[in-house]
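[1] generate a structure from the sequence data that follows.
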Amino acid sequence: KKYMELYREMRQDIVEGRYGFSERLPSKRYLSEERGISLITVEHALALLEEEGYIEGKERSGYFVSYQEGDVFPVTDKEEKAGFIDFFKRKTAVSREQMSYPTIAKAVRRAMSKYQEEILEASEMQGKFFLRRALKEYLRRGRGIFVEEEQMILGAGAENLYALLAQILGEEKRFAVESPSYDKMQRIYESHGIQLELLPMGKNGIESAALQKAKAKVLHVTPFHSYPTGITADASKRREYLDFAHRNGAVIIEDDYDSEFSPLGKPEDCLFSMEAGENVFYMNSFSKTIGPAFRMAYLLLPKKNLKENLEKISFYSCSVPVLEQCILTELLESGEFERHINRVRRSRRIRKKSREEE
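    Numbering: from 1, shown residues only. The predicted model follows:
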């Protein structure tokens, strides 16, 4: 799509410094005429850049670059503590965002017919290969994440993956986490003898001053819709997280449970893909996208030290029933999962527009 081509080009220009911080971008009309595309196409691309924090629109002045390299720590959030509300206690149309019973029932019937006796066989430790292959293709196609099957581990929900991560990374004995953050995650880490370093949240993520002072070698973050505040880290803050890892020889755990439902016209950029999977452990769950009874999540391991990390958890068995793995494979390969995601995105955009017009 033309608006995505323009979005990617301008994002690259901003990240590589061809447009500097606070610099004014060319006008919408100029971009439209120069490229031979409509104003609406240009506006859509600029809206994506603004939503992700690369640029900022100013009335009657145009668009200006708001992205900064991560080693230039912004100080604005020092005085701007987030006015926290419990984002997840608000009433939402949860039932409308769960996958429908008829869709799941059809997938169950297809899975039973297709896999037959294989449903009764034990799973590989990391999960059935055919599911990891289907998930690999979905991530490439739908999320722009490039990963191999051997980098994937399936688990029975996020809590199971937290325990595996504690097993893999627990020798560090100190994890830095957002404050506030998911209580169950904190309790699981602490039950494995890990000391938590609580980093206060600002308006767009962890406060820069607190991140600079952090001593931990593992940073656990939720860049999109952090729980329970609902805060989303912008592009500069995400780069700041990656720079923290580079400077301190640290690794990042990226907990990305809700980003499929981003109201943008594209999925949110994840740290794993920004970093090419070098020092980021990425995790996501299907409990949010399919339904809370569907207790399945996946972990993507970085290629670096992959063999050693897998060896640390090789004595575990896969905690996800094979039948559920077969059902998910059917949902992914048939396209039903992506159609469901797109329906929910459209619904969220409509609701957001309605609220803005009220």
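[2] quick one, longest helix in the protein?
    Counting residues, the longest helix in the chain under DSSP state H turns out to be helix 336-357.
[3] what's in contact with that helix?
    Contact with helix 336-357 is made by 93, 96-97, 99, 103, 106-107, 138, 141-142, 260-263, 289-290, 328, 330-331, as judged by CB atoms under 8 Å, 6 or more residues apart in numbering. In short, each C-beta sits where N, CA and C put it, glycine included.
[4] can you check stretch 16-26 too?
    The contact list for stretch 16-26 (CB under 8 Å, 6+ apart) reads 10, 13, 34, 46, 55, 61-69, 72.
[5] same thing but 10 Å
    Stretch 16-26 has contacts (CB atoms under 10 Å, 6 or more residues apart in numbering) with 10, 12-14, 31-32, 34, 42, 46, 49, 54-58, 61-69, 72, 74, 236.
[6] contact partners for Q126?
    Contacts of Q126 (CB under 10 Å, 6+ apart): 132, 149-155, 298-299, 301, 310, 313-314, 316, 318.
[7] are any of those residues buried, and if so which?
    Buried subset of the contacts of Q126 (neighbour count, 16 or more other CB atoms under 10 Å): R132, Q151, M152, I153, L154, G155, Y298, L299, L301, L310, I313, C318.
[8] flag every buried residue along stretch 319-331.
    For stretch 319-331, the neighbour count (16+ other CB under 10 Å) marks S319, V320, V322, E324, Q325, C326, I327, L328, T329, E330, L331 as buried.
[9] element containing the fifth one, please.
    The reference is to Q325. Using DSSP states H and E, Q325 maps to helix 322-334.
[10] how far off helix 336-357 does that helix point, in degrees?
    With axes from the mean of the first three to the mean of the last three CA atoms, to 10 degrees defining the directions, helix 322-334 sits at 70 degrees from helix 336-357.
[11] turn the buried ones among the contacts of helix 336-357 into a named ChimeraX selection, would you?
    Here is the ChimeraX selection string for the buried members of the contacts of helix 336-357, based on 16+ other CB under 10 Å:
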select :97,99,103,107,138,142,260,261,262,289,290,328,330,331
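[12] next up, phi/psi of the most centrally placed residue in the chain, please.
    Compute the mean C-alpha point of the chain, and by CA atoms, centre = their mean the closest residue is D256, 3.3 Å away. In terms of degrees, to the nearest 10, the main-chain angles of D256 are phi -120, psi 50.
[13] flag the shaky bits of this protein, pLDDT-wise.
    Counting by pLDDT under 70, the chain shows low-confidence ranges at 69-96, 263-268, 276-277, 352, 354-358.
[14] would you map out the domains in it?
    Using automatic domain parsing, the domain ranges for the chain come out as 2-65, 101-341.
[15] I figured L46 hits L31, correct?
    Yes - using CB atoms under 10 Å, L46 is in contact with L31, at 8.4 Å.
[16] overlap in contacts, these two.
    Common contacts of L46 and L31 (CB under 10 Å, 6+ apart): L6, M10, L25.
[17] strands of this protein, start to end?
    55-58, 62-65, 152-155, 174-179, 195-202, 205-206, 218-221, 251-255, 280-285, 297-300 (DSSP state E).
[18] picking that back up, you'd agree the residue nearest to the centre of the chain is up against S285?
    Yes - the criterion here is CB under 10 Å, and D256 meets it with S285 at 8.8 Å.
[19] so which of the contacts of stretch 16-26 belong to helices?
    Here DSSP H is the test, and the contacts of stretch 16-26 give M10, Q12, D13, I14, L31, S32, E34, V42, L46, L49, S236 as lying in helices.
[20] okay, now R339: neighbour count?
    13 (other CB atoms under 10 Å).
[21] hang on, I meant A47
    By other CB under 10 Å, neighbour count at A47 equals 16.
[22] got it, and H340?
    Neighbours of H340 under the rule other CB under 10 Å: 19.
[23] residues in contact with D234?
    By CB under 10 Å, 6+ apart, the contact set of D234 is 50-54, 56, 66-67, 203-205, 223, 240.
[24] please repeat the previous calculation with a cut-off of 6 Å.
    Contact analysis of D234 by CB atoms under 6 Å, 6 or more residues apart in numbering lists G53, N204.
[25] R174 too?
    Counted by CB under 6 Å, 6+ apart, R174 has contacts Q195, A216.
[26] mind checking how far it is from N248?
    The spacing between R174 and N248, counted by CB to CB, to the nearest Å, is 12 Å.
[27] quick one: common contacting residues for the two?
    With CB under 6 Å, 6+ apart, R174 and N248 have no common neighbours.
[28] possible to save the buried ones among the contacts of Q126 as CSV with distance to P180?
    Output for the buried ones among the contacts of Q126, formatted as CSV (distance: CB to CB, whole Å):
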residue, distance to P180
R132, 34
Q151, 31
M152, 30
I153, 27
L154, 29
G155, 24
Y298, 25
L299, 23
L301, 27
L310, 32
I313, 29
C318, 32
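[29] which of those residues sits closest to N279?
    Nearest to N279 among those: L301, at 10.9 Å, using CB to CB.
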